[in-house]
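1. The following comprises the amino acid sequence and a computationally predicted model.
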Amino acid sequence: MADKQFSFDNRVAFVVKGLYDTDGNGYLDANDFENMALKLTILEGKGQYDKAKHEHQKATMRGVWNEIAELADLNKDGQVQVDEFKAAVQKVLQGKKFEQFPNCFRESINRKFASIDVNGDNLMSLDEFRIDCVNRNAQSIEEIDGCWEKLLNEEDRKKGGLTLERYQQLWAEFIANPDPNCPGSRLFGPLPELA
């Protein structure tokens with residue numbers, strides 16, 4: 001089961017359906033990124049709404065959508081299906097490091113980290129990892145903590161969690177490394193089987 005759960009195909013499907021498809025229709029479109037702008041505004045504001053920050057998030061997320069659509073909307077219908085996203089990932093991201101990713105991916109990864117780092121200390125702790133995991137899909141604590149342990153290297157353990165730079169590295173592994181056993185494959189905890 002672990003191989004399928006953390007397989008490349010399942011991780012790509014998770015990015016589409018579990019992270020970006022905010023309206024749950026099974027594909028990505030501009031509406032998902034408008035919704036994400038509000039979500040990120042509220043999460044980063046720890047429940048507070050700031051209109052100026054929301055406008056900034058909307059502009060950023062529109063840019064992310066436009067870049068993703070340019071890379072992945074192969075039939076130009078205004079929707080990005082899982083298969084289109086997978087083809088784009090394989091063409092544009094596979095085997096690359098975070099610094100080599102297009103701006104849209106780097107920006108969305110950085111925004112995701114900011115939304116997880118609840119206390120704003122620039123370090124994702126075990127507690128913040130657990131909250132992120134259960135906000136998507138409640139799993140057993142043993143599975144969540146097991147994923148956390150596989151993410152960490154010795155330097156992470158010394159620091160008490162993941163820095164933004166380490167999170168970026170693991171995100172790049174999550175989406176661009178086909179190995180189901182790479183540490184980055186556990187970045188979002190136990191995954192539902194979507195592919």
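-> Looks like it arrived, so ask away.
2. okay, now Asn153: neighbour count?
-> Other residues near Asn153 come to 12 when the count uses other CB atoms under 10 Å. In short, each C-beta sits where N, CA and C put it, glycine included.
3. same question, Tyr167
-> There are 25 residues near Tyr167, going by other CB under 10 Å.
4. ok but Ile175 is inside a helix, no?
-> Yes: counting by DSSP: H, G, I helix; E, B strand; the rest coil, Ile175 is part of a helix.
5. Now do the contacts for it.
-> Residues counted as contacts of Ile175 (CB atoms under 8 Å, 6 or more residues apart in numbering) are Arg11, Val12, Val15, Val89, Leu93, Phe105.
6. can you do 7 Å?
-> By CB atoms under 7 Å, 6 or more residues apart in numbering, Ile175 lies in contact with Arg11, Val15, Val89, Leu93.
7. Pull up the gap between it and Leu40, please.
-> 19 Å (CB to CB, to the nearest Å).
8. okay if I get the contacts of Ile175 as TSV plus pLDDT?
-> Formatted as TSV, the contacts of Ile175 follow (pLDDT from 0 to 100):
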residue	pLDDT
Arg11	95
Val15	92
Val89	89
Leu93	89
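9. Using JSON lines, lay out those together with distance to Tyr49 and neighbour count.
-> Listed next are the contacts of Ile175 as JSON lines, based on distance: CB to CB, whole Å; neighbours: other CB atoms under 10 Å:
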{"residue": "Arg11", "distance to Tyr49": "32", "neighbour count": "27"}
{"residue": "Val15", "distance to Tyr49": "27", "neighbour count": "22"}
{"residue": "Val89", "distance to Tyr49": "33", "neighbour count": "20"}
{"residue": "Leu93", "distance to Tyr49": "33", "neighbour count": "20"}
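10. Could you pull out the buried residues of the helix or strand of the chain with the lowest mean pLDDT?
-> Least confident helix or strand of the chain, by mean pLDDT, DSSP states H and E, is helix 2-5 with a mean of 78. Residues of helix 2-5 classed as buried by neighbour count (16 or more other CB atoms under 10 Å): Gln5.
11. quick one: contacts of that helix?
-> Surrounding helix 2-5, the residues in contact under the criterion CB under 7 Å, 6+ apart are Asn10, Pro180, Pro190, Leu191, Glu193.
12. Can you name the next helix or strand after that helix?
-> Note on helix 2-5: by DSSP states H and E, the next helix or strand toward the C-terminus is helix 8-14.
13. hey, C-alpha coordinates of the following helix or strand past that following helix in CSV?
-> Using DSSP H and E, the helix or strand that follows helix 8-14 towards the C-terminus is helix 30-44. Coordinates of the C-alpha atoms in helix 30-44 are reproduced here as CSV (Å, rounded to 0.1, in the frame of the first residue of the first chain):
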residue,chain,number,x,y,z
ALA,A,30,-9.1,30.0,-12.3
ASN,A,31,-11.8,29.6,-9.6
ASP,A,32,-9.6,27.3,-7.5
PHE,A,33,-6.9,30.0,-7.3
GLU,A,34,-9.3,32.7,-6.4
ASN,A,35,-10.5,30.5,-3.6
MET,A,36,-6.9,29.8,-2.6
ALA,A,37,-6.2,33.5,-2.3
LEU,A,38,-8.9,33.9,0.3
LYS,A,39,-7.8,30.7,2.1
LEU,A,40,-4.2,31.9,2.3
THR,A,41,-5.2,35.4,3.4
ILE,A,42,-7.1,33.9,6.3
LEU,A,43,-4.5,31.2,7.2
GLU,A,44,-1.6,33.6,7.1
